[in-house]
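Trainee: Could you look at this predicted model? Sequence included:
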Amino acid sequence: MKRILAVAIIMVALIGSVFATGNKEKAPAKGVTITLMQNKPEIDGMLKTYAKVWNSETGNTVIIKSIGGSSSVTLGQQLKADYAAGSMPDIFVIAGKQDYKEWAGIILDLSGEKWVKDTSVAFKNNGKVYGFPVAIEGWGLAYNADLLKKAGIDPATLNNYEAYKAAFAKLDSMKTQLGIDSVVSMAAGPQMGWVTADHNFNSLLANGLPYGDMTVVNQLLNGQVDKKRLSEYADWVGLLFKYADKKILTTGNYDAQVGAFASQKAVFLHQGNWVDPNLKAAKATFKMGFAPHGSMHTTTDGIFVAAPSYYVINSKSKNIAAAKQFLNDMVYTSQGQDFMVTKADMIPAFSNIKLNPSGQLSKSVQKWSKEGKIYSWDQYYFTGDFRSLTLAPIYNQFANGSINEAKFIELMTKAFESLKK
Amino acid sequence: MKRRKQNTFIFWLFLSPVLFAFVVVIVIPFFLGIFYSFTNWSSSARADSVLTFIGLKNFYRIFRDPSFLYSFLITIIYTFLNVISINVVALVLAVVVTTKLKLRNLYRVGFFIPNLIGGLVLGYVWQFIFNNAIPAIGKAIPLLAGFANANNLILGKVDSSIVALVLVGTWQYAGYIMMIYIAAIEGVPESLIEAATIDGANSFQRFTSITIPMVAQAFTITTFLTLVQSFKQFDINVSLTAGGPSTMFMGKPIFGTELLSLNIYNTAFVANNLAEGQAKAVIFFIVLVIVSIIQVTVNKKKEVEM
Amino acid sequence: MILKKQNLIVLEILTMVLFLLFLFPFVILLINSAKNSFLVTQRPMALPNHWGMILTNIKTIWTNPNIAYPSSFMTSIIVTASSIIVINIFSSQAAWVLVRNNSRTSKIIFIIFVAAMVIPFQIVMFPLLSWYRKIYEITGIRLLRTHIGLIFTYLGFGMSLSIFMFHGFIKSIPYELEEAATIDGCRKDQIFYKILSPLLTPIHATVMILNGIWIWNDYLLPLLILGKGNKVQTIPLAVSNFAGAYVVQWNLILTAILMAIVPIIIFFLAAQKYIISGMVAGSIKS
């Protein structure tokens, strides 16, 4: 019996020591601790630095968790696991209506907040404000101005399909002169569904339409397909894929895609202004900007700009006041503004902020917005399930060459028809 | 009488920690899991979400889901290839390192080392090899130029991606199975081999008539281990191919290398349909049980015959 | 096998080639950990220009707040070591009473344990989370986000195979030994600790190694129990936290992987002789 006792004592000691280390994770005594979970790993460092500043200002601690999105776990998945585990963060990020529905039961009404009057792009549902816009973001085809100049192409003229087709062919014929591997850096690999089935897909939904126009979205959600629009869109996708680097297109990741543009191996990049910090890190100093998204036969002179993601506050949180204060301080303190605009290089969604981001593509997005030449982001009206499990494989097959354009149109049509309730 | 009482007491005392853990970690979640497969369970906070019993609806739905049926098919193919590949490689390695090679101990260690590394991490390394290193080799060596062609990327096609999964699976697991075969081979009495040599049997004859039958008893355990390992494969699948590239099945576009575990995970997480994911897991469990029973019975029978 | 001498030399060469091929991925890993991110993607097969770069990369990983290598490393050590100790102690005890008790209950319990090995993790993973949460709500015992919860869960998932292996080994030990001790007046529990435990050393080693490799590398369970981005994280979680980001930098990912696998490889090489003989001995019996 003695032996058993001894083992038992050792076990208890062991368990005790483990418990002890576990308990050390408790927050510092001063102030309260809130948790923020967000989906932009590229600003993780800046956000954590700001969290420290905020802590010294207010005495409250904010723990930042950044969940990246490629092969392992996405924000939505982690939120579900945390929800099941009963440890939801106090502030988290949603992207549009479908996400909102997912979490509607615990999203706090923020209509009474101070910042509401200073932004026009907050997330609203039934007239109430629920989401704090993280930033204004824009995407389209980013171009390398130096290379285009060498080839004698003016990006401003690229406002329809024919113009792009001619320009791509010309650039392709000058490959060795320009020292490029391919014309466009595009990615449609298994982990890059967000480039094709989120962003690229949105040009089918919104290109050429007035901002916020839901005609095409509603049609497709009802299973009605505008054949002409879809076939023009398919031409555009085919054109992009044809002039893309096949290796990056089929198996490349984000790094490979952005890397090709940064190292001047591709003239165009199908991405958004969030690549600015990556381009800076890769020391890409050439002149660049966004070209008009001329993906259709009619002229479409604009790019896609929106506030696609929002901070929301967990209504079950014990520290709602601190969470609200954190969001407010980002807009109304100089340190908060400095973080959002100068450090994280984001375009602020609030009219009271006078700072400007330094990234070239962010500046280009601002320029397009100022001119009012913008189209909306509508892909989030479709479920994540539909986009990543139904549409992404179709793009992927088209990119691999295992289906042709006619088949692509057929599959897309079928996919939309399946949405009819 | 006192002794028996004491024995019973010790029996339950020694069993209680594992029984407790077993019930809390396995049994209760397992039955909860089966229960949830008959409900509309979801893990997000929809405004209108109430857990309701929906009978067999989930099962009805998953059997009409092409991605699930395809996963099933591809998992069977993968398992078949993987079990054969791992066992053949492991057996060859085991035979080789039990000969009188000078560096046999070094080889044993080397072949075993990949087993020390987790599938997730290992998938990242191999993804890098397939996407970057092999095309670079193709560029450098004219004979292998085909690998440099972007149309021939190994992870760019479904068939070759499956082969890649098998290759990486074998690389990881063969060393472990090799150990079991080594044990079996070293269990062959030296005298038996000597006797056969004296009788004039050449090394091939000795191998087929002595080593193989002696090793056969290890087949039960090695096939069982590799079968279950292949069927449950998840980590390598996630980090190496992430389910891609896509293909068509029953007229629907789907992921071409999405094995069952990943399909279940994606259903629960990405498609946010936890209940349907549970239903798939229940079917997965039933299949595993059937396959294991068949495998063990067949092998046991064979062992007796030999 | 007995082979002719020249055949042996050919075989030696062939095996050497195979051996090098097997270790080739590690070479790739090593050379690319000593490059910058540009060189990694442009010239993956080339030898690095400066091997010193590997130190720069290691330093970057070491100080990266998301990986928090020193603390993640400690967590991995604590979780792996405690889990294998707990699993070994409790499984060997359980296996012994299951072998030596011939009652029907004992047999049924053993069969259930073994049968549970086929339960796929997917079927229990989500119910496990919601169930742990219920336990917390009712009893206040926190199994989620804590070391203890993770270790306890590993006991649950690891015990079946461990008991199976101990069971096979103990069965081959003659009962006479224990009988003699009983006649000498040894109490039942003393028999286990005094007579049997020393004989179990090789199988203990095998079970520890198998579970150790599994737990050290495990990804999904720590992800669910510990969660992502929390202070308590294991090395695989830390690596994926880093590799899963949109900003993929292969040189740093490969360095992080290198740093994740080096400890276990060193441990293996140091204890290699013991491990291999233990594994061989252990696998015969089971």
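Mentor: Arrived safely, thanks for sending.
Trainee: what residues does the stretch 51-200 of chain A put near chain B?
Mentor: Proximity of the stretch 51-200 of chain A to chain B (Cβ under 8 Å from any Cβ of the partner chain) is limited to residues A:71-72, A:74, A:76-77, A:79-81, A:83-84, A:101-106, A:189-191. Backbone N, C-alpha and C define where each C-beta goes, glycine included.
Trainee: Point out the ones among these that are inside helices.
Mentor: Among these, the members found in helices (DSSP state H) are A:Gly76, A:Gln77, A:Leu79, A:Lys80, A:Ala81, A:Tyr83, A:Ala84, A:Lys101, A:Glu102, A:Trp103.
Trainee: Tell me where the stretch 1-150 of chain B has helices.
Mentor: Using DSSP state H, counting those that start in this stretch, the helices of the stretch 1-150 of chain B run over B:2-21, B:28-36, B:57-62, B:66-97, B:104-112, B:119-128, B:134-140.
Trainee: quick one: least confident helix or strand in chain C?
Mentor: helix C:272-285 (a mean of 63; mean pLDDT, DSSP states H and E).
Trainee: can you tell me which residues contact C:Ile264?
Mentor: B:Leu116, B:Ile117, C:Ile213, C:Trp216, C:Asn217 (Cβ atoms under 8 Å, 6 or more residues apart in numbering or on different chains).
Trainee: Show the pLDDT at A:Gln219.
Mentor: Here the pLDDT value assigned to A:Gln219 is 94.
Trainee: is it true that it touches A:Asp226?
Mentor: Yes. Using Cβ atoms under 8 Å, A:Gln219 is in contact with A:Asp226, at 6.4 Å.
Trainee: Do me a favour and get the end-to-end distance for stretch B:245-254?
Mentor: End-to-end distance for stretch B:245-254: 9 Å, by Cα to Cα, to the nearest Å.
Trainee: any idea how far that stretch is from the chain center?
Mentor: 24 Å (Cα atoms, centre = their mean, to the nearest Å).
Trainee: And stretch C:179-193, by the same measure?
Mentor: Mean-position distance between stretch C:179-193 and its chain equals 34 Å (Cα atoms, centre = their mean).
Trainee: And stretch B:105-123, by the same measure?
Mentor: With Cα atoms, centre = their mean, you get 16 Å for stretch B:105-123.
Trainee: what's the pLDDT at residue 40?
Mentor: This is for chain A. Reported pLDDT for A:Lys40: 82.
Trainee: Correction: the question concerned chain C.
Mentor: pLDDT for C:Val40: 79.
Trainee: cool, C:Lys4 as well?
Mentor: Looking at C:Lys4, the pLDDT reads 69.
Trainee: And the one 5 residues further on, by the same measure?
Mentor: We have a pLDDT of 86 for C:Ile9.
Trainee: and what of the one 3 residues further on?
Mentor: As predicted, C:Glu12 sits at a pLDDT of 89.
Trainee: I'd say B:Val109 and C:Ala271 touch.
Mentor: No. In this structure, B:Val109 is not within contact of C:Ala271 by Cβ under 8 Å, at 11.2 Å.
Trainee: Compare these two (neighbour count), which wins?
Mentor: B:Val109 (19 against 13; other Cβ atoms under 10 Å in any protein chain shown).
Trainee: Pull the contacting residues for that one.
Mentor: So B:Val109 contacts C:Phe268, C:Leu269, C:Gln272, C:Ile276 (Cβ under 8 Å, 6+ apart).
Trainee: And the buried ones among those, selectable in PyMOL?
Mentor: Of those, the buried ones can be selected in PyMOL as follows, counting by 16 or more other Cβ atoms under 10 Å in any protein chain shown:
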select buried, chain C and resi 268+272+276
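Trainee: State the pair within the contacts of B:Val109 that is farthest apart.
Mentor: C:Leu269 and C:Ile276 (11.0 Å; Cβ to Cβ).
Trainee: what residue ranges in the stretch 51-200 of chain C score low on pLDDT?
Mentor: Applying pLDDT under 70 to the stretch 51-200 of chain C flags no residue at all.
Trainee: Count the residues that sit near the residue nearest to A:Trp236 when sequence neighbours are not counted.
Mentor: The shortest distance from A:Trp236 to any non-neighbouring residue, by Cβ to Cβ, 6 or more residues apart in numbering or on different chains, is to A:Ser295 (4.0 Å). By other Cβ under 10 Å, 24 other residues sit near A:Ser295.
Trainee: pretty sure A:Ser295 is in contact with A:Asn207, am I right?
Mentor: Yes. Shown here, A:Ser295 and A:Asn207 form a contact pair, counting by Cβ under 8 Å, at 5.7 Å.
Trainee: thinking again about what came up before, right, so of the helices of the stretch 1-150 of chain B, which gets closest to A:Ala321?
Mentor: helix B:28-36 (36.5 Å).
Trainee: That closest one vs chain A: in contact?
Mentor: No. Helix B:28-36 lies out of reach of chain A by Cβ under 8 Å from any Cβ, never closer than 11.3 Å.
Trainee: So A:Val365 versus A:Asp118, what's the distance?
Mentor: For A:Val365, the distance to A:Asp118 (Cβ to Cβ, to the nearest Å) stands at 19 Å.
Trainee: Please apply the same query to B:Ala150.
Mentor: 49 Å.
Trainee: Secondary structure class of B:Gln278, three-state.
Mentor: Following DSSP: H, G, I helix; E, B strand; the rest coil, we place B:Gln278 in the helix state.
Trainee: same question but for B:Pro253, I mixed them up
Mentor: strand.
Trainee: Show the model's pLDDT score for it.
Mentor: At B:Pro253, the model reports a pLDDT of 82.
Trainee: Would you pull up the residue in the stretch 51-200 of chain C closest to chain B?
Mentor: Minimum separation of the stretch 51-200 of chain C from chain B (Cβ to the nearest Cβ) falls at C:Gly156, amounting to 2.4 Å.
Trainee: Pretty sure that residue sits against B:Phe20.
Mentor: No. Counting by Cβ under 8 Å, B:Phe20 is not a contact partner of C:Gly156; they are 9.0 Å apart.
Trainee: Tell me which residue of chain B lies closest to chain A.
Mentor: B:Gly244 (2.2 Å).
Trainee: For burial, what's the neighbour tally of the closest residue to that residue other than its chain neighbours?
Mentor: Nearest residue to B:Gly244, sequence neighbours excluded (Cβ to Cβ, 6+ apart): A:Pro190, at 2.2 Å. Counted with other Cβ under 10 Å, residues neighbouring A:Pro190 total 25.
Trainee: Dihedrals phi and psi, A:Pro190?
Mentor: phi -60, psi -30 (degrees, to the nearest 10).
Trainee: rewinding a little: for the contacts of C:Ile264, which two are the farthest from each other?
Mentor: Greatest spacing in the contacts of C:Ile264, by Cβ to Cβ: B:Ile117 and C:Trp216 (9.5 Å).
Trainee: Tell me how many other residues surround B:Ile221.
Mentor: Neighbour tally, B:Ile221, other Cβ under 10 Å: 17.
Trainee: what's the helix or strand containing it packed up against?
Mentor: For B:Ile221, the host element (DSSP states H and E) is helix B:212-231. The contact analysis (3 or more Cβ pairs under 8 Å, 6 or more residues apart in numbering or on different chains; DSSP states H and E) places helix B:212-231 against helix B:66-97, helix B:158-186, helix B:274-305.
Trainee: possible to save those helices as JSON lines with distance to chain C?
Mentor: Formatted as JSON lines, the helices and strands packed on helix B:212-231 follow (distance: least, Cβ to the nearest Cβ, whole Å):
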{"stretch": "helix B:66-97", "distance to chain C": "5"}
{"stretch": "helix B:158-186", "distance to chain C": "4"}
{"stretch": "helix B:274-305", "distance to chain C": "4"}
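Trainee: Comparing those, which comes out most buried?
Mentor: helix B:158-186 (a mean of 22; mean count of other Cβ atoms under 10 Å in any protein chain shown).
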